[in-house]
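# I need the structure of the sequence given here:
(chains A and B)
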There are 2 protein chains.
Amino acid sequence: MRIICEKSDLLKSINIAIRAVPVRTTMPILECILIEARGNEIRLTANDMDLGIETKVSGLIEETGTLAVEAKMLSEIVRKLPDSAVTIASDKNYTVTITCEKAKFVISGKSDDDFSYLPAVEREDSVEISQFTLKNLINQTIFSIAANENNKMMSGELFEIRSGYLRVVSLDGHRISIRRVELRESCPDRKVIVPGKTLQEISKILSGEMDDMIRLSFARNHLVFEMEGTTVVSRLIEGEYFSIDQMISTDYETKLVVNKREFLSCIDRATLFVREGDKKPIILDIRDDELTLSIDSPLGSMNEELAIMKEGKDLMIGFNPRFLIDALRVIDEEEVTLYMVNPKAPCFIRDEDETYTYLILPVNFTR
Amino acid sequence: MRIICEKSDLLKSINIAIRAVPVRTTMPILECILIEARGNEIRLTANDMDLGIETKVSGLIEETGTLAVEAKMLSEIVRKLPDSAVTIASDKNYTVTITCEKAKFVISGKSDDDFSYLPAVEREDSVEISQFTLKNLINQTIFSIAANENNKMMSGELFEIRSGYLRVVSLDGHRISIRRVELRESCPDRKVIVPGKTLQEISKILSGEMDDMIRLSFARNHLVFEMEGTTVVSRLIEGEYFSIDQMISTDYETKLVVNKREFLSCIDRATLFVREGDKKPIILDIRDDELTLSIDSPLGSMNEELAIMKEGKDLMIGFNPRFLIDALRVIDEEEVTLYMVNPKAPCFIRDEDETYTYLILPVNFTR
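As a prediction, this is how the structure comes out:
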């Protein structure tokens, strides 16, 4: 194999494919990116068996062939090259020579014998959305998947298509994050659970531009993401997701509207007294048109008052400050509305159109 | 005690004083910043016994007094406050109340009983230089102090005043870094060894502006740095520094001039094949008007040619690439000149005026 690519193009494609290379693995072939030069197309592929990414790179093929190269080494070499044309060549022993201007690197490659190509999946339904939207949907929900994999279902996110809307849901037993967008094209109703890992990697590849589109195709055990030059195939988590709709209620006894930025800064200040692993709640004392936020810990205490608009009863309720911060951080509005019933029942932060719903369970506190 | 300061002023002063707070210590009082409100001056002091920093902060004193507060907590609280006036008050039990707008923090403070104030030292001679110059002198030499303290002398830098010049020297047994600047005012000859730790912390406080000055005063066992509102007192390392001048030679058999940026990028690429703790040298093959740089490791090999101007003999010589990178990184010139004798003798990188001299010992290599 012998190909010539511009450094910037090559680096961009390596940075996409490398997202499917696992950080730790006992199978050396999984640490590789496969370079295929066939016909007039150069493709880079990486596949950790749960997540596979294939991306094209423009360049010149002087000799067709395939070659697996350790991804991290390839990426480091290319990153440090001058901004110029890069030649990658391999011989029959898979010795790889990378040259650029007067620099010449020689490393060992591998054949594609043990490499797992992307699975051939049969696409059933599909729907197109903007990369900007998908990137947001992921970033605005991914923080509330469960950190460990004890409950496989909680380590993924529900992608649900229903009546022309795409709803993305994550939950970890203490909170639920829901985002919903209207689709521009029609698609039959579908429900799949996508691994959180896949979504984290995908969100780093997405351009974040409103005009760049991505197509989601549903297959039996896979979800396929297709965008300009790149295909991502993710295995799905099998099983039936939690019955979210039963957990959501619109009843409330106390409703309050607060300036988001002020509320967030105030909680952020309170977290100074929360140490890692420590379950110290912050207490919201909602009375008339004032919210007093306070925290009391062995390290010290803090309290602060915030002006609010309130409907309904006065209430005193405790929360894990981290959960409030995570939700508020991804709500892009000047004011947020909180709906609460009592100190034991979940609090909802949501807008009127239900483009977002964040449910947070309160925690017990003693005064 | 009760004082009122603007958040930005207070934070700036805390960030200066905190540089003398040790990261790890078994003496809780060393983790504190002392706030003194006396007469019409508010001062913050921290002192880890080797390095002491005292800095003024402008503000209003409503009640005089002194108070020691855990530095990290104070810094975190103030950093998270709104940009507004901050009140710090303490009662007779040293309970500290920090208020800013509607936020109120309560933490525990300490009396100044156990606190070590800055030592009163008798300044002998002194000299003034710009903060920009001192910051540069430090950054351009500090990397070659010894990382461990097995040899106390090598963990510091020589500050030597001789015939109207300040010379700063560091060495670690494999290399020597020397920077020299002409002084604008006269000062008797002096030689002191300043702990590297002091210099690292000082360089973070220095403004880096040519017009901001700093005065260095020599005392028996201390060096005192005075700048606008801030005094830093550092203990000196006792003993006689190495005889540098005997190690420096101007003889050479091979002299080469190379583009610094190209040379540095080229070595940087070669380090891809150097793993932590691994002593793989890069080999410079100097022949006619070409320098071939190469490295050979179990991970792969690399070589690259660079155009040079050469005087004298051809030479093949090996170096630890890290040492070359460290020196080249802080030389701010388009071209650098290397002077060498043979593969066993030190290489010198220096300019004609001797504003900088970097000596690097070569390493053995096998071909």
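
# Hmm, A:Pro188 is touching A:Arg162, no?
No - look at A:Pro188 against A:Arg162 with C-beta atoms under 8 Å: they stay out of range, at 9.9 Å. No exception for glycine: its C-beta is placed from N, CA and C like everyone else's.

# Pick out whichever of those two has more residues nearby.
Neighbour count, other C-beta atoms under 10 Å in any protein chain shown: between A:Pro188 and A:Arg162, A:Arg162 has more, with 13 against 10.

# can you pull the contacts of the residue of the stretch 101-250 of chain A found nearest chain B?
Closest residue of the stretch 101-250 of chain A to chain B, C-beta to the nearest C-beta: A:Ile107 (3.6 Å). Residues in contact with A:Ile107 (C-beta atoms under 8 Å, 6 or more residues apart in numbering or on different chains) are A:Val69, A:Glu70, A:Met73, A:Ile77, A:Thr95, A:Val96, A:Ile98, B:Leu299, B:Gly300.

# check contacts around the first one.
When contacts are counted by C-beta under 8 Å, 6+ apart, A:Val69 touches A:Cys32, A:Ile33, A:Ile35, A:Val96, A:Ile107, A:Gly109, A:Lys110.

# Next, count neighbours for the residue lying closest to it once chain neighbours are set aside.
Using C-beta to C-beta, 6 or more residues apart in numbering or on different chains and skipping residues adjacent in sequence, the residue nearest A:Val69 is A:Gly109, 4.9 Å away. When counting by other C-beta under 10 Å, one arrives at 24 neighbours for A:Gly109.

# can you pull the contacts of A:Gly109?
A:Leu67, A:Ala68, A:Val69, A:Ser90, A:Tyr94, A:Thr95, A:Val96.

# Determine the number of other residues adjacent to A:Tyr165.
Residues lying near A:Tyr165 (other C-beta under 10 Å) number 14.

# Residues in a beta bridge with it, which ones?
Taking DSSP bridges, one finds A:Arg162, A:Glu182 as the beta-bridge partners of A:Tyr165.

# Okay, it and A:Ile202: tell me how far apart.
20 Å (C-beta to C-beta, to the nearest Å).

# Likewise for A:Lys135?
Relative to A:Ile202, and taking C-beta to C-beta, A:Lys135 is found at 8 Å.

# Now A:Lys204. Nearest residue, chain neighbours left out?
A:Arg19 (6.1 Å).

# Wait, a strand at the one you found?
No - per DSSP: H, G, I helix; E, B strand; the rest coil, A:Arg19 lies outside any strand segment and is helix.

# okay, now it: neighbour count?
20.

# for chain A, which spans come out with low pLDDT?
For chain A, the stretches flagged by pLDDT under 70 are A:367.

# which bits of it sit near chain B?
A:73, A:76-77, A:80-82, A:102-108, A:265-266, A:268-269, A:272, A:299-306 (C-beta under 8 Å from any C-beta of the partner chain).

# rerun that using 6 Å as the cut-off
Residues of chain A lying near chain B by C-beta under 6 Å from any C-beta of the partner chain: A:76-77, A:80, A:102-107, A:269, A:272, A:300-305.

# In chain A, which residue is most central in space?
Nearest to the mean C-alpha position of chain A, by C-alpha atoms, centre = their mean, lies A:Gln200 at 3.1 Å.

# For that one, which non-adjacent residue is spatially closest?
In space, A:Gln200 is closest to A:Ile142, 6.3 Å off (C-beta to C-beta, 6+ apart).

# for A:Met73, same thing?
A:Ile107 is the one closest to A:Met73 (C-beta to C-beta, 6+ apart), at 6.1 Å.

# burial count for the closest residue to chain B within the stretch 201-350 of chain A?
Across the stretch 201-350 of chain A, no residue is closer to chain B than A:Gly300, which sits at 3.6 Å (C-beta to the nearest C-beta). Using other C-beta under 10 Å, A:Gly300 is surrounded by 19 other residues.

# ok, now A:Thr133?
Applying other C-beta under 10 Å, I find that A:Thr133 has 18 neighbouring residues.

# repeat for A:Ile14
Residues near A:Ile14, counting by other C-beta under 10 Å: 24.

# In three-state terms, label the residue nearest to the centre of chain A for me.
Secondary structure for A:Gln200, judged by three-state DSSP, is helix.

# what sits against A:Phe273?
A:Ile295, A:Ser297, A:Leu299, A:Gly300 (C-beta atoms under 6 Å, 6 or more residues apart in numbering or on different chains).

# now, among the residues you listed, which is nearest to B:Arg24?
A:Leu299 (18.7 Å; C-beta to C-beta).

# Need the nearest residue in space to that closest one, chain neighbours excluded.
A:Phe273 (4.9 Å).

# Ok, A:Glu335 next?
A:Val257 (5.4 Å).

# Could you do A:Lys135 as well?
Nearest to A:Lys135 is A:Leu206, by C-beta to C-beta, 6+ apart, at 4.2 Å.

# Next up, phi/psi of the one you found, please.
phi -60, psi 140 (degrees, to the nearest 10).

# Please look at it and A:Thr133 and confirm they touch.
No - A:Leu206 is not in contact with A:Thr133 according to C-beta atoms under 6 Å; the separation is 9.4 Å.

# Do a quick rundown of the strands in the stretch 151-300 of chain A.
Assigned by DSSP state E, counting those that start in this stretch, the stretch 151-300 of chain A shows strands spanning A:156-162, A:165-171, A:175-182, A:190-195, A:213-218, A:222-227, A:230-235, A:254-259, A:282-287, A:290-297, A:300-307.

# Take these and write them to JSON lines, including distance to B:Glu334.
JSON lines is the format used below for these (distance: least, C-beta to C-beta, whole Å):
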{"stretch": "strand A:156-162", "distance to B:Glu334": "53"}
{"stretch": "strand A:165-171", "distance to B:Glu334": "54"}
{"stretch": "strand A:175-182", "distance to B:Glu334": "53"}
{"stretch": "strand A:190-195", "distance to B:Glu334": "52"}
{"stretch": "strand A:213-218", "distance to B:Glu334": "46"}
{"stretch": "strand A:222-227", "distance to B:Glu334": "44"}
{"stretch": "strand A:230-235", "distance to B:Glu334": "41"}
{"stretch": "strand A:254-259", "distance to B:Glu334": "54"}
{"stretch": "strand A:282-287", "distance to B:Glu334": "57"}
{"stretch": "strand A:290-297", "distance to B:Glu334": "57"}
{"stretch": "strand A:300-307", "distance to B:Glu334": "55"}
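
# A:Asp314: which of the ones you listed is closest?
strand A:282-287 (4.8 Å).

# just how off-centre is the closest one within its chain?
Taking the mean of its C-alpha atoms, strand A:282-287 sits 32 Å from the chain's own mean (C-alpha atoms, centre = their mean, to the nearest Å).

# swap in stretch A:244-257?
26 Å.

# got the buried residues for that stretch?
A:Ile244, A:Tyr252, A:Thr254, A:Lys255, A:Leu256 (16 or more other C-beta atoms under 10 Å in any protein chain shown).

# Pipe the residues you listed into a markdown table and attach distance to B:Glu238 per row.
Output for the buried residues of stretch A:244-257, formatted as a markdown table (distance: C-beta to C-beta, whole Å):
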| residue | distance to B:Glu238 |
| --- | --- |
| A:Ile244 | 71 |
| A:Tyr252 | 72 |
| A:Thr254 | 69 |
| A:Lys255 | 71 |
| A:Leu256 | 66 |
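
# if we can go back for a sec, same drill for A:Lys135 and A:Ile202, tell me which one is more crowded.
A:Ile202 (23 against 20).

# Can you tell me how far the more buried one is from A:Leu223?
Counting by C-beta to C-beta, the gap from A:Ile202 to A:Leu223 is 10 Å.

# How about A:Tyr358?
Taken as C-beta to C-beta, the span from A:Tyr358 to A:Leu223 is 24 Å.

# those strands in the stretch 1-150 of chain A, which residues are they?
Using DSSP E, counting those that start in this stretch, strands in the stretch 1-150 of chain A cover A:2-6, A:32-38, A:41-47, A:51-57, A:60-63, A:65-70, A:85-90, A:95-100, A:103-108, A:126-130.

# Tell me which other helices or strands the shortest one touches.
This means strand A:60-63. strand A:2-6 (3 or more C-beta pairs under 6 Å, 6 or more residues apart in numbering or on different chains; DSSP states H and E).
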